[in-house]
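Asks: Next come a sequence and a model predicted from it.
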Amino acid sequence: MAWRRFTFAILSRLTIIMPMLIIIIGTSPIKTVFVVLVLIFIFIVSIALFSSAKPASLLTATAGYAVVLMVFISNTNPKRAVGS
């Protein structure tokens, strides 16, 4: 049980820190979309494997994480903001 909590803690930290580091380094829109898609996938898989969340809670958590990433991306480079 302790290894599951440790693994989940590491994955959850990486899904928050990785986009900040990768997106700040470059400004390629393709790289940004790829990073967001991969990290959302890692996030949803880690929650599905390491928690007992119901599907509705899983969807809500993933949507919240995606919103946080999109806000971070739009504040990183205002020229690429959605709707500009």
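Replies: Everything's here; your move. Residues are numbered from 1 along each chain as shown.
Asks: Tell me where this protein has strands.
Replies: Remark: strands of the chain are absent; assignment by DSSP state E.
Asks: what comes up buried for the lengthiest helix in the chain?
Replies: As assigned by DSSP state H, the longest helix anywhere in the chain is helix 2-25. Neighbour counts over helix 2-25 (16 or more other CB atoms under 10 Å) mark Leu11, Ser12, Thr15, Pro19, Ile22, Ile23 as buried. C-betas here are computed from N, CA, C, even on glycine.
Asks: Poorly predicted segments of the chain, please.
Replies: Applying pLDDT under 70 to the chain flags residues 1, 23, 26-27, 76-84.
Asks: give me that answer again for 80
Replies: Regions of the chain meeting the criterion pLDDT under 80 cover residues 1-2, 4-5, 8-9, 11-16, 18-29, 31-32, 50, 72-84.
Asks: still on that earlier bit, starting at the chain centroid, how far to the longest helix of the chain?
Replies: 9 Å (CA atoms, centre = their mean, to the nearest Å).
Asks: Against which helices or strands is it packed?
Replies: Under the contact criterion of 3 or more CB pairs under 8 Å, 6 or more residues apart in numbering; DSSP states H and E, helix 2-25 touches helix 29-50, helix 55-76.
Asks: Distance to Thr7 and mean neighbour count added to those helices, as TSV?
Replies: TSV is the format used below for the helices and strands packed on helix 2-25 (distance: least, CB to CB, whole Å; neighbours: other CB atoms under 10 Å):
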stretch	distance to Thr7	mean neighbour count
helix 29-50	7	15
helix 55-76	17	13
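Asks: Show the contacting residues for Tyr65.
Replies: Listed by CB atoms under 8 Å, 6 or more residues apart in numbering, the contact set of Tyr65 reads Thr15, Ile40, Phe43.
Asks: Leaving aside the residues adjacent along the chain, what's closest to the first one?
Replies: This means Thr15. Phe43 (4.8 Å; CB to CB, 6 or more residues apart in numbering).
Asks: Thanks a lot, catch you later.
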